[in-house]
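# here's a sequence, model it:
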Amino acid sequence: MLYDSPIFRLMGDRSLLVELGDEISPSVNQSVQELFVALDLHKCDGVKELVPSYRSLLVIYDPFLISTLDLERKIYDLYQGLNHSQLPVPRTIEIPVVYGGNRGPDLARVAQYHRLTPQEVMDFHTRPTYRVYMIGFTPGYPYLGEVPTAIATPRRETPRISVPRGSVGIAQKQTGIYSVDSPGGWQIIGWTPVNLFDPQGQPPSLLMMGDRVRFQAITAEEASQWQQ
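Okay, the predicted model is just below:
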């Protein structure tokens, strides 16, 4: 549910968490994105950084430049006048994926969990157009939703110490792409040759909040050609 008014929660002495809803949904996430854009455009004195997520926005600020009360009032006023037209037109980006094998070691496990074939899992995973709900965990890591219920799978009981960059995973109704080598507990069903994070890029992250993603199954040979 989307709240009529934001709920403010202090997070230490210089961070304010602004909650806009109590569920993961496109409407709540769009409101988070709208508030993020509105605050960014207004360049509020004292606001140092904005960190949007599924249903909330973390506002990091300098308490010597703006009081918590004044910041809450500013955010409340902006929230009441949120304008969808300020949002950028969402991009739809196609991500090629090699499913299964060494690149997708959990594909068979996910299929067995749902009494499906690996091909059926692939078909379900490539069917939706996913929304980029947020970027986080590691630089450039996109949280995408929602995975079809037919293949929604819990995280692994024991996380891996290292998951290769480009790995495509499932956790409940989320899917995501590991942007760098890192530990992780998602069910890895495939791998993409696409580089999601370039620290020298402008911007460094390939995907942005609000973008749309479609997955396309490719072969290992096609992935090798894609990288050339």
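# quick one: low-confidence ranges for this protein?
Counting by pLDDT under 70, the chain has low-confidence residues at 83-85, 227-228.
# quick one: residues contacting residue 193.
Under the criterion of Cβ atoms under 8 Å, 6 or more residues apart in numbering, the neighbours of residue 193 are 96, 98, 166, 223, 226, 227. C-betas here are computed from N, CA, C, even on glycine.
# which PyMOL command selects the buried ones in these?
Per 16 or more other Cβ atoms under 10 Å, the buried members of those correspond to this PyMOL selection:
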select buried, resi 96+98+166+223
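# now the contacts of residue 193 in TSV, with secondary structure and distance to residue 10?
Formatted as TSV, the contacts of residue 193 follow (DSSP: H, G, I helix; E, B strand; the rest coil; distance: Cβ to Cβ, whole Å):
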residue	secondary structure	distance to residue 10
96	strand	44
98	strand	45
166	coil	38
223	helix	47
226	helix	47
227	helix	47
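# just give me the closest of the contacts of residue 193 to residue 71.
Proximity of the contacts of residue 193 to residue 71 (Cβ to Cβ) peaks at residue 166, which lies at 39.1 Å.
# can you tell me how far that closest one is from residue 101?
Counting by Cβ to Cβ, to the nearest Å, the separation of residue 166 from residue 101 is 14 Å.
# neighbours around residue 128, how many?
Number of residues near residue 128 (other Cβ atoms under 10 Å) recorded here: 17.
# that's a helix at it, yeah?
No - looking at residue 128 with DSSP: H, G, I helix; E, B strand; the rest coil, it is coil, so not inside a helix.
# surely it is in contact with residue 148?
Yes - between residue 128 and residue 148 there is a contact under Cβ atoms under 8 Å: 6.5 Å.
# check which residues of the top helix by length along the chain are buried.
When the chain is parsed with DSSP state H, its longest helix is helix 26-42. For helix 26-42, a neighbour-count test (16+ other Cβ under 10 Å) marks 28, 29, 30, 31, 32, 33, 34, 35, 36, 37, 38, 39 as buried.
# excluding sequence neighbours, find me the nearest residue to the first one.
With sequence-adjacent residues excluded and distances taken as Cβ to Cβ, 6 or more residues apart in numbering, residue 28 is closest to residue 21, at 3.4 Å.
# for the one you found, give me its contacts.
Counted by Cβ under 8 Å, 6+ apart, residue 21 has contacts 1, 2, 3, 27, 28, 31, 55.
# ditto for residue 154
Going by Cβ under 8 Å, 6+ apart, residue 154 touches 171, 172.
# next: residue 168.
Contacts for residue 168 (Cβ under 8 Å, 6+ apart) come out as 95, 97, 104, 175-178, 188-192, 215.
# list the strands paired with the strand or helix carrying it, with their directions.
According to DSSP states H and E, residue 168 maps onto strand 167-171. Paired strands of strand 167-171, with direction, are strand 174-177 (antiparallel), strand 187-191 (antiparallel) (DSSP bridges).
# and among these, the most buried is which?
Most buried of the strands paired with strand 167-171, by mean neighbour count (mean count of other Cβ atoms under 10 Å): strand 187-191, with a mean of 26.
# next secondary structure after that one?
Next along the chain after strand 187-191, taking DSSP H and E as the criterion, comes strand 212-217.
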